[in-house]
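1. take a look and give me a structure for this.
(4 chains)
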4 protein chains.
Amino acid sequence: MPTLGQNQYGKAETRVVRVTRDGAVHHVRDLNVSVALSGDMAEVHHSGSNAAVLPTDTMKNTVFAFAREHGIASPEEFGTLLARHFVTSQPSISRARIRIEEYAWDRVPTPGEAEHSFVRAGRETRTARIAFDGEELEIFSGLTGLTVMNTTDSEFRGFVKDRYTTLPEAGDRVLATDVTAVWRHAADAPDWDAAHEAVRGHLLAAFAGTSSSSLQQTLFRMGSEVIERQPGIDEIRLSLPNKHHFLVDLEPFGMKNETADGAVYFAADRPYGLIEATVLRDGAPARIPVDTTTP
Amino acid sequence: MPTLGQNQYGKAETRVVRVTRDGAVHHVRDLNVSVALSGDMAEVHHSGSNAAVLPTDTMKNTVFAFAREHGIASPEEFGTLLARHFVTSQPSISRARIRIEEYAWDRVPTPGEAEHSFVRAGRETRTARIAFDGEELEIFSGLTGLTVMNTTDSEFRGFVKDRYTTLPEAGDRVLATDVTAVWRHAADAPDWDAAHEAVRGHLLAAFAGTSSSSLQQTLFRMGSEVIERQPGIDEIRLSLPNKHHFLVDLEPFGMKNETADGAVYFAADRPYGLIEATVLRDGAPARIPVDTTTP
Amino acid sequence: MPTLGQNQYGKAETRVVRVTRDGAVHHVRDLNVSVALSGDMAEVHHSGSNAAVLPTDTMKNTVFAFAREHGIASPEEFGTLLARHFVTSQPSISRARIRIEEYAWDRVPTPGEAEHSFVRAGRETRTARIAFDGEELEIFSGLTGLTVMNTTDSEFRGFVKDRYTTLPEAGDRVLATDVTAVWRHAADAPDWDAAHEAVRGHLLAAFAGTSSSSLQQTLFRMGSEVIERQPGIDEIRLSLPNKHHFLVDLEPFGMKNETADGAVYFAADRPYGLIEATVLRDGAPARIPVDTTTP
Amino acid sequence: MPTLGQNQYGKAETRVVRVTRDGAVHHVRDLNVSVALSGDMAEVHHSGSNAAVLPTDTMKNTVFAFAREHGIASPEEFGTLLARHFVTSQPSISRARIRIEEYAWDRVPTPGEAEHSFVRAGRETRTARIAFDGEELEIFSGLTGLTVMNTTDSEFRGFVKDRYTTLPEAGDRVLATDVTAVWRHAADAPDWDAAHEAVRGHLLAAFAGTSSSSLQQTLFRMGSEVIERQPGIDEIRLSLPNKHHFLVDLEPFGMKNETADGAVYFAADRPYGLIEATVLRDGAPARIPVDTTTP
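-> Okay, here's the model as predicted:
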């Protein structure tokens, strides 16, 4: 006989934009909010009775109403408000999980004192995941789609060769990746926006500053930089696709394609390497699920 | 001090197509294969030494070589061969995880006895995940992108109303979803292709045959149908986005928009409901991770 | 001084689904409708006065209202109704262009006499473009995303070799493409749905039945088949990306990778060949714009 | 009898990255290049003879070889080199059309004097289209994916109301769009990169600085700013989707949602308005095809 296992339901991808005005200076927060609730939901699965089911449409309404009522201080704080609300206000709900993506906007200068014009900043998305079970609150911060490249100071040598290995060793290669990172503060951050900006800076600095013998080494340096520089952060998981840039063979055309002198690369799509790891503060527990950053 | 937690690396999305010939009758298997390996990899993260690192390029080569040497009987069997190979042949590797997507092709008739023409079948993708740790083998089968719709026999009534609820009850609505399913056989399937086809049929039949009071009820019927009809399957997880089709308000134009008589719907993109649950054979353990089917 | 050139405005991508009931047997038409209008619109560009501007929101409403009032006999007929409406009812509008995509649904059997369950049929999309300027009506029918593959009977030999040519000749290769086609009937089709189905069949048959020395030859056979078999069709434009399937070099592993015996291919993403051409009935004018099928 | 009409063939989406070194300071150009050639190609369509066909694989090789040999001064200049090469070196080719997308990278600071680290700059893509027929050279510059938003100084009032109009007038709305622009210099630009940067700046400034009564008015101001400020540019075509941000109705929850005080918007996906127009220098010919910027 079939029985019901873990289940959850919710409204995914509510696109809410909040604009606040400080005189002629406007501020924008632009979020994509997904809500998933679980609890005592056996009845609706078995009989179809919705007596314990808050409609997902209501979750959407709640996102908009909360954005108006409480504002959006940060994705982490907004998600926490929502998670607490659903668990504490609905008897049938024992766990809420909120996922948020935030899109950043830079200012475009306008004439005079007004500041109400914006341009979308980059391809990178800020992320947050908030879970609340009535007692414990768990918050993961993150980002995805931060595309970076080093045009030198990367090599790949001394690797294992088996029967199927044809790759030549590389002493000077392009290293490019799309950073996905998820990190966890030991306690609430005093300032989520500042913490996010700081982590982003550490990731970029470590990527740029590491002379890399392998993408794993670069990953570990990136994670370590965050742990070392941000005392409040105990854990970070990184997922780094190796966006291969292959040095094109131009010998058939009588040309040398040398890195020292205007080299030409083919930027490949698939397949790609994928390097993933968690870096922890010594002694800290690993709480970020392994699959959180996997595509 | 930063320490290394869980880590894995591999080659993602190797696109391999194998064509076999049975006289003038050709057969095709078209896969997207991702490999992730883990084991004793501390050194490469810390010092950059690749002495224990099999290149991801070699994994790609292995996928192609194995497709040639062993053929592709099914995604599950092909993935199992690969997972066993990496763990047993590489001293530094203790766990391999293989993810496969398969794209199906239907035949296009050709004149005479030849059968070598094909057309891509539908938007649906078959999936398989295989993990091997040297002892235990874990196989999940699945599919994603199976888009279905019932134009009646669906209602949504008697739900919880709170302060933020504005949704009216619906006695006759369109129910549409993109099925993502992942299931687990208690033991190896005798015939993976036949089992896959059977599960697909059960999912469609249960979706079509359920008079639905909520999408949760439909989901549970779909999962139960699979468990009841396939004695070899112990667990299935389903993720069903509620692709909302809103009855358009035509009253401002002096029209009634009634379901009984040529109703017109707006097919919305975002936000969407998202219903997820596991259905188990009574007594069977839940092994499919909750996030496996979450977008 | 800047002056205004060609301009148009409209509502893009209104997603309308119409369900009609023939007793317990339901029928579905699922469209994505884009409207673009042009006419005497200088004022709104210069001064911002909307006195001649029908809101794009109204165009959306009109799509829904017309689907209810007139039904959707076919994309071509529905688009014609809309195009005529905007031009004849709005004094400021002299030209309407309607673009429609239609998504097909196959039936899923339901118990008893009911037929109200559907599954999305394939990745292929039917297209239609309708333009009306108050006098002349122009209708283009089409399809996009029809993915096909021949696993033999394709070669590529005897081509030009210049200084940059390294490609070896191929005597037996895989030929795969995503068909995009746009065609034009000399007059209104008596039955647009039947005509569409017939063209699709001719395209598939010609692709499957052509022993190909180049993709251009296959393209011309596909177009010719349509012109020869459909007396009402005077012109067809085809865009065929060459989805390269490269025979993998397995010699480094001591294997031969021969087409006669289970060959293994790498399905590449980018770059890809792109072959485009118009085929006309002898003497017919070329009216389908060249860029209509270009990505 | 079927006859051959306009036809072209080529290699699409060759992804070439060129890295030049100025001591420890590196420079990157990252392009996606598509080549389409046409000429005397009847034979290959009719008989399959490739005697006049330069392989598309050779076009890909040529892109890489030219990047090495000539460098990439700008997309416009690189495309011009390629277009001239194919037409002048291949007797069967009478017209070449090159399409280029360029992805921008910003610098990430590295320690010391080295400058070889980069981060992808924004979602915006620079575009260029170059056509050469042996005599005349035609160059269009452009950009796509520049996402901008004004949170006030936009209204939409005084529009036409017909039977299907329900939209209320808006005195203070959010105006957001993804700018696609294609422009034409009267002659070769002295500095293509500088011209591109200048146009981008004019577009942003005009969008930000226009108090908008309709998106058409904003579009015309954006185009006019370019024509007025860049004497070398004679024509620009703009395509501006109206990315609707709907003020959410919060009255059912007893809240006012006022723009003056922290308003909350729903960012909608589909349908969307789409405003397109060409702006010309007085007396200049319109040469940019109308469909160039249409999705």
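
2. and for the closest residue to A:Ala195 other than its chain neighbours, the neighbour number?
-> Distance criterion Cβ to Cβ, 6 or more residues apart in numbering or on different chains; nearest residue to A:Ala195, sequence neighbours excluded, is A:Ala189 at 4.3 Å. All C-beta atoms are positioned from the backbone trio N, CA, C, and that covers glycine. For A:Ala189, the neighbour count with other Cβ atoms under 10 Å in any protein chain shown is 20.

3. ok, A:Ala189 to B:Gly23 distance?
-> 67 Å (Cβ to Cβ, to the nearest Å).

4. got the confidence number for A:Ala24?
-> pLDDT, A:Ala24: 94.

5. check contacts around the closest residue to it other than its chain neighbours.
-> Once flanking residues are discounted, A:Ala24 sits nearest to A:Ala114: 4.4 Å by Cβ to Cβ, 6+ apart. Listed by Cβ atoms under 8 Å, 6 or more residues apart in numbering or on different chains, the contact set of A:Ala114 reads A:Ala24, A:Val25, D:Asp153.

6. check A:Arg97 too.
-> Contacts of A:Arg97 (Cβ under 8 Å, 6+ apart): A:Gln8, A:Gly10, A:Val35, A:Ala36, A:Leu37, A:Ser38, A:Ala83, A:Arg129, A:Ile130, A:Ala131.

7. just checking, which of those residues belong to strands?
-> Counting by DSSP state E, those place A:Gln8, A:Gly10, A:Val35, A:Ala36, A:Leu37, A:Ser38, A:Arg129, A:Ile130, A:Ala131 in strands.

8. buried ones only from those, please, as a PyMOL command.
-> Buried residues within those, by 16 or more other Cβ atoms under 10 Å in any protein chain shown, are selected in PyMOL with:
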select buried, chain A and resi 8+10+35+36+37+38+129+130+131
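
9. in the stretch 1-150 of chain A, which spans are strands?
-> Ranges of strands in the stretch 1-150 of chain A, per DSSP state E, counting those that start in this stretch, are A:2-12, A:14-22, A:25-39, A:93-107, A:117-132, A:137-150.

10. looking at these, which has the lowest confidence?
-> Looking at these, the bottom one is strand A:117-132 with a mean of 93.

11. so which elements touch that one?
-> Applying 3 or more Cβ pairs under 8 Å, 6 or more residues apart in numbering or on different chains; DSSP states H and E, we find strand A:117-132 packed against helix A:75-89, strand A:93-107, strand A:137-150, strand D:117-132, strand D:137-150, helix D:192-209.

12. give the buried residues for that strand.
-> Buried residues in strand A:117-132, counted by 16+ other Cβ under 10 Å: A:117-120, A:122-132.

13. before we move on, what about stretch A:137-155?
-> A:139-155.

14. now swap in stretch A:217-236 and tell me
-> Residues A:217-227, A:230, A:233-236 are the ones in stretch A:217-236 that count as buried (16+ other Cβ under 10 Å).

15. so what strands line up beside the helix or strand of chain A with the lowest mean pLDDT?
-> None of the helices or strands of chain A scores lower by mean pLDDT, DSSP states H and E than strand A:117-132, at a mean of 93. Sheet pairing here is set by DSSP bridges, and for strand A:117-132 it gives strand A:93-107 (antiparallel), strand A:137-150 (antiparallel), strand D:137-150 (antiparallel).

16. Throw those into JSON lines and include distance to A:Pro75, thanks.
-> As requested, the strands paired with strand A:117-132 are arranged in JSON lines below (distance: least, Cβ to Cβ, whole Å):
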{"stretch": "strand A:93-107", "distance to A:Pro75": "4"}
{"stretch": "strand A:137-150", "distance to A:Pro75": "8"}
{"stretch": "strand D:137-150", "distance to A:Pro75": "19"}
